[in-house]
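Engineer: Predicted model and sequence follow; I will ask about them next.
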Amino acid sequence: MTTLEHKTSTRPVPNPKKSLITKLNMGTGLIVGIAFAFGSYYWLKSGQDMSRPNNVNKVLIVTMLMWSLGFMIGIGAFIGPFRWLIGKDLTPEEELYLAGDGQGIKRYFKYCTDHKVVGIQYLVGVMTLLGVGGTMAMMIRTNLAMPGSHLVTPTVYNSLVGLHGITMIIAMIIVATGPFGNYIMPIMIGARDMAFPRLNALSWWVLFTAIPVLCSAWFLGGIPTGWVAYAPLSVQAGPGMNAFLCTIIIFAVSTAVAGMNITATVVAMRAKGMSWNRVPLFVVGATISVALAIPAFPTFMLSMIQTGLDRTIGTSFYDANMGGSGWLYAHLFWIMGHPEVYVILIPGVAILMEVLPVFVRMPLFSHGAAIAGFAGIAGLSAFVWAHHMYMSGWLPMFNGPFMVTTEMISIPTGLIFLVMLGTLWHGRPWMKLPMLSVYAFLWNMLIGGITGIYLSDVPADNYLHGSMYVTAHFHYTLMGSALTGAVAGLAYWFPKMTGRMLNERAGYVSFWLVQVGFQILFLGMFVAGAEGQPRRVADYAHMYAHADLISTIGAYMVGTGFIVLLWAVVHSWRHGKIAPMNPWGSKTLEWTVPYPVPLTNFPDDAMPVVTSDFYGYGKAVK
Amino acid sequence: MSGTTGTSMTATKRTISAIASVALGIAVVGAVGFTLHKVSADPQKKLYATTNGTVQTSQGVLPHQFISLGVYADPCNAGSHGAATQGATNCGSHPSWPSYGPSTHLVLKPHSYVTMTLTVYDSGENLNNAYFGKVIGTVDAAGAVSNTATYDGVAQTALAPTDVEHTFTLHGLPTSTQDPLFVNVPLPKNTDEEMATYNKKYSDSYDHSILNKGHVVTFSFITGGKGEYVWNCEYPCGDGTYQKFGAVMGQVGYMAGKVSVV
Amino acid sequence: MSSHDHNDEESWRTPGERFTNFLNRKNPHYEHDQKDVGIAFALGIFYTLVFVALGAWAYPKWMPTVMSTDMKGIERLMVVFTYISAPVCGVVLGVATYTFMNRHRGDTPPPDGPMIRTHRLTVGLWTGISTVLAVLAILYGLIELNSANDAAVADSKNALVVNVTGSQWVWSFNYPAQGITTHELMLPINQPVQFNVVSTDVNHNFWPVQLGVKTDANRLAVTHLDTTPTKLGKIDVKCAELCGLYHAYMETNGEIMTSADFNNWVTAQGGHTA
């Protein structure tokens, strides 16, 4: 269908014989990355006594980081800066080439600076990570279907738990700001591209290099820790732990770059007339989320570097025998870990607030409360981290103050509910998939939030910490709320990102399978936790058998629901109904551009000028 | 407003495509699960205790079961990872790890008087936790708790924590429907001279079938009802890792295993 | 070039103009359908009752036998917090359900609703009430925490001391006054006990489930727990922090017994009763 093909550009294309950038792509990246990896592995191995674990760790860590560096060199990430350094900056034709002009589908496999290409790359990457993580979740639940741990041995089970956790956390951090923050957000603020397009491509491809590193953990013996990777167990762990460390170090680079890029774009490149009051909520949410991530993730990277040093050159950051402390790790980790869950939650909530006025045809209720909610959550989240450490014995007299700050987060969270309910009230919701997701969110976040209050209470946490109750709580917030928001975003923006409508019936089937299955899965888990089943256990006492079996059945429903969603996405992408320019009747700027979205989004001489905010739906009242 | 359909599939074809894809997805996940199961399942054959006679105890007349294990400095002699022949090098994926053998998955009968004989061929050092230097949970000939084990014919209740080579520590999930079962027997180390002889033979001929004399430890305990338990060694020999409890200590089939009472 | 509809938008005025408008504001007037509010209210009451019933029934049913004052407090807290949160659930779910009942089906967007940008009374009330509820929860928690601490201090003088050691993957308990070390946790009833918890290797978490207390076992950094068992019966001791291969199997049993039975047990282990 010619209406959907990317128009061939009439601009000059760089001479392929002359320019290196035309020859580089994912394939050359793979070649150079693998060459670096093998080269460093064999070169380092030959000089080391590989029977000693510290040396094995050294070799593996350097190999993995070299893979990442080599890939980035091979795909041409450094050509731009290098050419600038030597004084022969890229020509405009080369910049256009880098933006993917006139290359068709090949540009998705190259170092392409067009934010729309990066958005699609992130979408595919996120779906892959969610698929891998979800498969691991099915394994975990199958093992726990009956007492006796029949599917896998405890070593494999512990690896499943830890790797499922980190895969999903990475996927959830980028699930909304990756695909939509890159593809949609610049159009939404009336910009031509992100502030730093080359760094945009960098953030995606660096993340890409982390994926094989993460998967390599399976071939190196797995990890014995959860995704939190507490020391000193992480120092004791086998070679697979190095894959985990390197994944985080690489991922932290990607996230820092992406976060900085998003923030700079939103601060500096908004359309004329788009004052802060008029910025769409998704953009506000995404910006607050990455602004929270930028100070937080470096502490995670630091804790991983310190673990790496303990595992290689014999430092004792976390070895109490030599003056270190496991509590140091716990602090560094949770100073990241708590803001990080709000990094995950806020974009999902922002998406739901973005779609809500469109599907209710009413303005967003109390824009000020929405902003206050996001700001309050983000601000307070920096002061609550030690609620993960109530039971660690670190400093019991600080449990009280942290309980106060943690419980106070319920107030801005309540404002989120106020905004959503206020928008819904007096409205007639249009029951498309994004709107259904809002209702699912209201239920899931209610349960997640309230159980969070129980957990924040120190005396209750004396019982609930380390039990399946905690696991059920955070799945309700991270998966039931944030992932639901991201799926809503996918259904909402699918027409703008692919030009087609997402198959509705499949969307509904998937939605109900996932949400109903989700309740069965995690409500059963609350029961198991209240009964006293610890978390991260491969096997459990017979008294928990009922609750676990029910959970497993729910898990299979959720898995099936997501496979249906995957089918819907793939099928609709290829054969779906072609979408009009603005199928939802939304007022935000991304719906004013056609599909395929032109390279520079808006016509060169007609950049948008904004004169009001985007939530002015509804009939005026007297 | 809805534009041309652009779809090349009828509704029936779409439904079939959806169902087939979902089935394919489930099959893929199932295949992953099956592969994981095969790869991670305990590769060793079960070691069954043999029954021979009965014992009169305070709990009545119980069948007398016998089972024997060894603890070896290298996995080839253990026999559970590959054959111990001259020049054998591929005894499992961890050729430098000590191992119990011929199997780490023991099968016992419930409500039995079990006599276990462990022959130890490895060296040792310090325990992390001196508690495991004591013999716990064993019974005497009449089935009364004695907390004694016989070491080369001499009955002892504990070993000095510095003379321990490995331990056999049996424990499980007591909060289920199964009876609790806890046995801990420290195993004596071979002295440096004994190990030097062994290593000399070993390095001279690479003949994995030559072992030093070894110490024999015998003890008995009484099993309760049916249940699944685990055992692991509490002597840290995970070379170089934190508290020496990594590597080999965390791997089923070497220094940890299962006991099924069925 | 695309401008958007703007009906009496304030945000494009200057700050001075906006301030003047704020001072001179009137609340917008729109139809209040009493039937709407009534149905939503009824639904809200229904949901509130469901959650109250849930709190009263569920947690006592699922949670283990209460065998110490700490555990009693925890169970009570779970129930009370469920009661406090029941009206919150009622409001949220009541309003949400009612709007769901009014949903618009079909392929074309629904007609525009009223342009309600905000309603200051609602925002103020909501924020105020949620603050009050949060403060209530905080106070309850702080009072509970404080009383547990006070009890611990008061009991410390005549407490039975148990040194708990977690090793990968077995618990051992040393009773210094009695001179014994065991793998099962036996305690006399109504006797305050102080646990000093440590690990020989990685982080574990000592959790005697029915006593409702837990603490991490760290290497070389001893942590403390205080509680008093108040009911005879079996207890389960689990590990609540992933510690490697056999974390799931790092459990042992214990029992709360009468003082006489406890002394007999101590003697049978080879110890001496004080």
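Structural biologist: Looks like it arrived, so ask away.

Engineer: distance of residue B:76 from chain C?
Structural biologist: Distance, residue B:76 to chain C, by Cβ to the nearest Cβ, to the nearest Å: 23 Å. Quick note: C-beta positions are derived from backbone N, CA and C, even for glycine.

Engineer: just checking, that residue touches residue B:91?
Structural biologist: Yes - if you go by Cβ atoms under 8 Å, residue B:76 and residue B:91 touch, sitting 3.8 Å apart.

Engineer: Next SSE downstream of the lowest-mean-pLDDT helix or strand in chain A?
Structural biologist: When the helices and strands of chain A are scored by mean pLDDT, DSSP states H and E, helix A:92-98 comes last with a mean of 87. Once the chain leaves helix A:92-98, the next helix or strand it forms, by DSSP states H and E, is helix A:115-143.

Engineer: buried stuff in that next one?
Structural biologist: A:115-123, A:125-127, A:129-143 (16 or more other Cβ atoms under 10 Å in any protein chain shown).

Engineer: Pull the contacting residues for residue A:75.
Structural biologist: Residue A:75 sits next to A:24, A:25, A:26, A:28, A:29, A:110, A:111, A:205 when contact means Cβ atoms under 8 Å, 6 or more residues apart in numbering or on different chains.

Engineer: Of those, just say which sits nearest to residue A:197.
Structural biologist: Taking Cβ to Cβ as the measure, residue A:197 lies nearest residue A:111 of those, at 10.5 Å.

Engineer: And the closest one, its phi and psi?
Structural biologist: Backbone torsions of residue A:111, given as degrees, to the nearest 10, read phi -80, psi 80.

Engineer: Then residue B:245?
Structural biologist: According to degrees, to the nearest 10, residue B:245 has phi -110, psi 20.

Engineer: domains of the chain?
Structural biologist: I went with chain A, as the question did not name one. What automatic domain parsing lists as the domains of chain A is A:21-111, A:112-606.

Engineer: wrong one, I was asking about chain C
Structural biologist: Split by automatic domain parsing, chain C gives C:3-102+C:113-153, C:159-268.

Engineer: average pLDDT for the last one?
Structural biologist: Same thing as domain C:159-268. Averaging pLDDT along domain C:159-268 gives 94.

Engineer: Please see if stretch B:244-254 touches chain C.
Structural biologist: Yes - using Cβ under 8 Å from any Cβ of the partner chain, stretch B:244-254 reaches chain C at B:245, B:249, B:250, B:251, B:252.

Engineer: Could you save those as JSON lines and add columns showing neighbour count, distance to chain A and pLDDT?
Structural biologist: Output for those, formatted as JSON lines (neighbours: other Cβ atoms under 10 Å in any protein chain shown; distance: Cβ to the nearest Cβ, whole Å; pLDDT from 0 to 100):
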{"residue": "B:245", "neighbour count": "30", "distance to chain A": "6", "pLDDT": "78"}
{"residue": "B:249", "neighbour count": "27", "distance to chain A": "9", "pLDDT": "79"}
{"residue": "B:250", "neighbour count": "28", "distance to chain A": "6", "pLDDT": "78"}
{"residue": "B:251", "neighbour count": "22", "distance to chain A": "6", "pLDDT": "80"}
{"residue": "B:252", "neighbour count": "23", "distance to chain A": "5", "pLDDT": "83"}
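
Engineer: Would you convert those into CSV that also reports secondary structure?
Structural biologist: Below are the residues of stretch B:244-254 next to chain C laid out as CSV (DSSP: H, G, I helix; E, B strand; the rest coil):
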residue, secondary structure
B:245, strand
B:249, helix
B:250, helix
B:251, coil
B:252, strand
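
Engineer: what's the most distant pair in these?
Structural biologist: It's B:245 and B:252 that sit farthest apart of the residues of stretch B:244-254 next to chain C, by Cβ to Cβ, at 14.7 Å.

Engineer: what are the ranges of the strands in chain B?
Structural biologist: Applying DSSP state E to chain B gives strands spanning B:47-48, B:50-57, B:60-72, B:99-101, B:105-108, B:113-120, B:149-151, B:154-156, B:164-172, B:183-188, B:215-222, B:227-232, B:256-261.

Engineer: Where does residue A:377 sit, in terms of helix or strand?
Structural biologist: Per DSSP H and E, residue A:377 falls inside helix A:367-381.

Engineer: Can you give the contact residues for that helix?
Structural biologist: A:277, A:281, A:284-285, A:288-289, A:291-292, A:338-339, A:341-342, A:345-346, A:349-350, A:353, A:364, A:405, A:408-409, A:411-416, A:418-419, A:613, A:615, C:117-118, C:123, C:127.

Engineer: Narrow these to those in helices?
Structural biologist: Among these, the residues falling in helices (DSSP state H) are A:281, A:284-285, A:288-289, A:291-292, A:338-339, A:341-342, A:345-346, A:349-350, A:353, A:405, A:408, A:411-416, A:418-419, C:123, C:127.
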